[in-house]
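**Student:** I'd like to go over a predicted model; first the sequence, then the structure.
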Amino acid sequence: MYDQDFEKEYQEFNSAVALFAYIFKFRDKALVETCEHTLISILGLKYTTNIMNAAMFQLAESAPETCLWIWQNFTYLEACISLNEYLTALAIQKLISQGFVLGQDFSATADGKILINEKAKSALFQSLSHKDLILIEENIQVNEQVVFY
């Protein structure tokens, strides 16, 4: 019984992710916002955010130009905000694990931008998967003089 419920939820989640990825490809802001609001009212904010984030990861591999468009146009959506927070934390974790020093080699701003020197950037980019790199690249700013926040 439990396996059937899990399988059904898994299929429904994947269907919703595929639908959102398809909707994103239209690059229609009003359509994306309408679909997001509708899903939130039906499924709740957290579940909708998870669906949209999964769609973003899917698009990072299959349609990186659409992914970039989403980052540029929907910085205010909860899905983009939470994904940005995750990617910033991932980058910081990877940099620290590689021996780079916060405040010396890199810094993070309140809006999720990462100020980074060239050496740290190179090491970070080599340690990220292709889809993570596509998603995080917009938030990286090379800056030899790291600023504390």
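**Tutor:** On my side now, so go ahead.
**Student:** contacts, neighbours, all on C-alpha from now
**Tutor:** Fine.
**Student:** tell me the buried residues in the helix or strand hosting T34?
**Tutor:** Element membership for T34, per DSSP states H and E: helix 29-43. For helix 29-43, the neighbour count (16 or more other C-alpha atoms under 10 Å) marks 32, 35-36, 39 as buried.
**Student:** what is the biggest helix by length in the chain packed up against?
**Tutor:** In the chain, taking DSSP state H as the definition, the longest helix is helix 2-25. If you count contacts as 3 or more C-alpha pairs under 8 Å, 6 or more residues apart in numbering; DSSP states H and E, helix 2-25 packs onto helix 29-43, helix 45-62, helix 64-73.
**Student:** export these to JSON lines and tack on distance to D3 and mean pLDDT?
**Tutor:** Formatted as JSON lines, the helices and strands packed on helix 2-25 follow (distance: least, C-alpha to C-alpha, whole Å; pLDDT from 0 to 100):
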{"stretch": "helix 29-43", "distance to D3": "21", "mean pLDDT": "95"}
{"stretch": "helix 45-62", "distance to D3": "20", "mean pLDDT": "95"}
{"stretch": "helix 64-73", "distance to D3": "34", "mean pLDDT": "93"}
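**Student:** any chance of those in JSON lines, with distance to F20 too?
**Tutor:** Listed next are those as JSON lines, based on distance: least, C-alpha to C-alpha, whole Å:
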{"stretch": "helix 29-43", "distance to F20": "8"}
{"stretch": "helix 45-62", "distance to F20": "6"}
{"stretch": "helix 64-73", "distance to F20": "12"}
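**Student:** good, wrapping up.
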